[in-house]
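S.K.: The sequence and its predicted three-dimensional model are supplied below.
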Amino acid sequence: MDVPFTILITQVLAMLVMLSVGYVSYRAHLLSDAGVGDLANVVMYVASPAVMVTSFLGAFRVEKLVNAGACALLTIVILLMCALVARIFCGGEGRISRFGVIFSNTGFVGIPLVQSILGQEYVLYVTVCIAVSIFFVWTYGVYLVTGSFQEVSLAKVLTNPAVTTLFLGFALFLLSVRLPDFLSVACSTLGSINTGGAMIVLGCYLAQTRLGHMIRDLRIYKVSLLRLVVSPLLCCALLWLLPAQFISADVKMVVLITFATPVGAMCAMLSQKYGGNYEYGAGLVSLSTLLSLATMPLMLELGMIVLS
């Protein structure tokens with residue numbers, strides 16, 4: 001694993017341009033609030049699943065299955081570590097802050113990074129990380145936002161597109177199914193809009209927030225520091241302790257990318273859905289996304305040095 005730092009910078013700058021396109025599009029009224037929601041749904045329910053399914057295509061290999069299991073186990077352990085960090089440092093600052101520290105934006109940011117840095121075949125592993133995270137989002141995450149387990153729904157976990165795609169993808173993988181060419185081309189083409197679409201949506205989220213108020217809220221910087229620096233450093237330390245026989249360096253990088261991304265968009269979405277502080281949740285997503293353009297290259301470069 002040897003990815004030049006210039007490639008990381010190029011990818012982050014490209015993400016910044018796409019974020020800017022989303023920001024300007026919303027401000028120029030090319031996209032309405034409803035339009036942003038529709039575009040987010042297209043990314044979440046069409047483009048991302050298409051990318052994920054494509055990553056599972058190919059001959060069955062035991063090595064891939066073992067790596068996927070390792071990713072699932074590591075995701076659980078690191079989420080628990082992040083939950084402990086959130087409890088220690090944000091215990092008195094509100095549940096939404098704790099949500100922001102624990103859950104990252106792997107779907108919108110992590111998948112494009114894994115594709116560009118490591119390649120399409122590694123999206124399989126980030127899909128596993130996302131599916132495990134989704135389980136915790138719709139259980140413990142919902143509890144954090146609402147303060148009650150009454151709104152927790154197993155049905156929402158099982159019907160989430162990331163989880164259903166994981167089941168479908170693993171079935172294709174275990175059976176070594178080869179899709180007809182027209183379906184493979186369709187999945188590849190639909191998946192190609194994932195990166196641009198996700199970045200435009202995040203740019204729109206940024207445009208919807210009151211920037212002046214957001215940049216003066218010191219809580220957002222604290223959560224961003226914990227999410228973008230402390231969490232990936234803890235992740236990197238844990239991965240460094242694991243021998244190469246347990247998990248390869250490339251797959252370790254997938255896990256690191258998963259936890260180096262900004263606050264998950266679900267922080268804002270669940271806050272809005274359950275009557276929480278939506279503006280604060282959206283501010284966490286937006287500002288941490290901007291700050292991540294500086295922190296992610298540094299965290300990933302550190303990971304490549306330490307985990308190689």
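M.R.: Received the coordinates, thanks. Numbering: from 1, shown residues only.

S.K.: Give the burial count for the residue nearest to V42 when sequence neighbours are not counted, as a bare number.
M.R.: Nearest residue to V42, sequence neighbours excluded (C-beta to C-beta, 6 or more residues apart in numbering): G197, at 6.3 Å. Quick note: C-beta positions are derived from backbone N, CA and C, even for glycine. Around G197 there are 21 other residues, counting by other C-beta atoms under 10 Å.

S.K.: Please apply the same query to I193.
M.R.: 18.

S.K.: Not counting its neighbours along the chain, what's nearest it?
M.R.: Counting by C-beta to C-beta, 6+ apart, the residue nearest I193 is A47, at 4.9 Å.

S.K.: confidence score at that neighbour?
M.R.: The model reports A47 with a pLDDT of 88.

S.K.: distance of it from Y280?
M.R.: A47 is 28 Å from Y280, where distance means C-beta to C-beta, to the nearest Å.

S.K.: next one: L298
M.R.: 26 Å.

S.K.: List of residues touching the helix or strand harbouring G35?
M.R.: Using DSSP states H and E, G35 sits within helix 33-42. For helix 33-42, the external contacting residues (C-beta atoms under 8 Å, 6 or more residues apart in numbering) are 26, 31, 193, 197, 200-201, 204-205, 208, 265.

S.K.: So which bits of it are buried?
M.R.: Residues of helix 33-42 classed as buried by neighbour count (16 or more other C-beta atoms under 10 Å): 36, 39-40, 42.

S.K.: try stretch 171-184
M.R.: Within stretch 171-184, the residues that qualify as buried are 172-173, counting by 16+ other C-beta under 10 Å.

S.K.: what distance separates it from the centre of its chain?
M.R.: Here the centre of stretch 171-184 is set off from its chain's centre by 25 Å, with C-alpha atoms, centre = their mean, to the nearest Å.

S.K.: What are the contacting residues of that stretch?
M.R.: 53-54, 56-60, 64-65, 124, 187.

S.K.: before we move on, the earlier item: what count of nearby residues applies to the residue nearest to I193?
M.R.: Other residues near A47 come to 22 when the count uses other C-beta under 10 Å.

S.K.: Wait, it touches G197, no?
M.R.: Yes - under the criterion of C-beta atoms under 8 Å, A47 makes contact with G197 at 5.6 Å.

S.K.: Run through the helices of the stretch 1-150 of the chain in chain order.
M.R.: Here the stretch 1-150 of the chain has its helices, by DSSP state H, counting those that start in this stretch, at 5-27, 33-42, 48-56, 62-90, 95-102, 111-117, 123-136, 142-146.

S.K.: actually the stretch 151-300 of the chain, not the one I typed
M.R.: Using DSSP H, counting those that start in this stretch, the helices found in the stretch 151-300 of the chain span residues 154-158, 161-174, 181-191, 194-208, 211-214, 218-225, 231-241, 249-260, 266-273, 278-307.

S.K.: I134: which of these is closest?
M.R.: Proximity to I134 (C-beta to C-beta) singles out helix 161-174 among these, at 5.1 Å.
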